[in-house]
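# Could you look at this predicted model? Sequence included:
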Amino acid sequence: MAIVWVSELNTGIDIIDEQHKSIVDYINELEVSIEQGSREAVGHVLDELVDYTMSHFAFEESLQEEAGYAFAKPHKAVHDSFIKRVTRYQADHKAGEDVADHVHEMLTTWLLHHIKRDDMAYVAEVKENIDNIVRDKKKGGRLSRLLANFFN
């Protein structure tokens, strides 16, 4: 069954939400490939999904680090564990095993729980940091503040 994006999955960080939606699209594309019985298409989607997810994780982790999120390292550990798991399935698929249905089920369950639990936990801090960066840039940046403080 295809994943339908619902508002409760929105983090309020537009770029993260768009990336999550892209991951959902890959998972739904995997389902279509499974239904069509195309082993080659399943492998292609798995490869694309792993690559995209790794870059998404790196981006998300950099936002957390920049924001000083206290649980950035444990969050990264969850990401690393997920990547190991998915790359193991990827290798099993390349070795000829039929793992597609199992992978699809795992991805669907994992992603929805991860967004609702792990990702929602960092949203406030990352969003505040992003807002501060935007305000800082609008005010002319750090140098402008330092000069204003010096001459006041």
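Good, I have the coordinates.
# Okay, and Glu66 sits in which element?
Here Glu66, judged by DSSP states H and E, is contained in helix 39-67.
# buried residues in that helix?
Judged by neighbour count (16 or more other Cβ atoms under 10 Å), helix 39-67 contains these buried residues: 41-42, 45-46, 49-50, 53, 56-57, 60-61, 63-64, 67. For every residue, glycine as well, the C-beta is placed using N, CA and C.
# Save these as TSV, and put in pLDDT and distance to Glu29 too.
Output for the buried residues of helix 39-67, formatted as TSV (pLDDT from 0 to 100; distance: Cβ to Cβ, whole Å):
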residue	pLDDT	distance to Glu29
Ala41	96	8
Val42	96	10
Val45	95	5
Leu46	94	10
Leu49	93	8
Val50	93	13
Thr53	94	13
His56	94	16
Phe57	96	19
Glu60	94	21
Glu61	95	25
Leu63	91	26
Gln64	93	28
Ala67	89	32
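# Do you know the pLDDT at the residue nearest to Phe57 when sequence neighbours are not counted?
Among residues not flanking Phe57 along the chain, His79 sits closest, at 4.3 Å (Cβ to Cβ, 6 or more residues apart in numbering). The per-residue pLDDT reported for His79 equals 96.
# Roughly how far does His79 sit from Glu125?
Using Cβ to Cβ, to the nearest Å, His79 is found at 17 Å from Glu125.
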